[in-house]
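Chemist: Generate coordinates for the sequence data below:
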Amino acid sequence: MLRPLIVDDSPLMRAFIKRVITLAGFEFEALEASNGREALERLASCHADIILTDINMPVMSGEEFLVELKNNGTLESIPTLVISTDATRDRAHRMLALGARGYLAKPFSPEALREALDGILGGDHAGQQ
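Modeler: Numbering: from 1, shown residues only. The predicted structure follows:
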């Protein structure tokens, strides 16, 4: 079973992402955080298979969060998918340079999310619904 950490300041977007993960065919148990600082706190006590993070958030942005992950020997190996309305090429390149394994622009389809997750996780975490 997949255990994603969904990091977004919008509770509605976190719920939407969980719904899309379900529609994409994954069996999962999600962890949630409303910003990068909260996500780091969750990761201190919980395991995540993958992190799906927004960029523009209060307290600690997704970019600052990726920097923290990159500088943490324990957490840097957790694959990260950035999901953001900021679809500029420069921002995407910056996030990938900081260690993100993928970048998905909002809005996105269940198929696009499934493809991104399969590409990052190797396609072995999908479950039948």
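Chemist: So which residues of the protein form helices?
Modeler: 11-23, 36-45, 62-70, 89-97, 110-121 (DSSP state H).
Chemist: now for the last one, which elements pack on it?
Modeler: On a contact count with 3 or more Cβ pairs under 8 Å, 6 or more residues apart in numbering; DSSP states H and E, helix 110-121 meets helix 11-23, strand 50-53, strand 80-84, strand 102-105. Just so you know, the C-beta spots here come from the backbone N, C-alpha and C atoms, and that holds for glycine as well.
Chemist: can we see that at 6 Å?
Modeler: Applying 3 or more Cβ pairs under 6 Å, 6 or more residues apart in numbering; DSSP states H and E, one finds that helix 110-121 contacts helix 11-23, strand 102-105.
Chemist: and the angle for the longest one with strand 80-84?
Modeler: In other words, helix 11-23. 120 degrees (axes from the mean of the first three to the mean of the last three Cα atoms, to 10 degrees).
Chemist: quick revisit: kindly compare burial across the helices and strands packed on helix 110-121 and name the winner.
Modeler: Across the helices and strands packed on helix 110-121, averaging neighbours per residue (mean count of other Cβ atoms under 10 Å) puts strand 102-105 on top, at a mean of 18.
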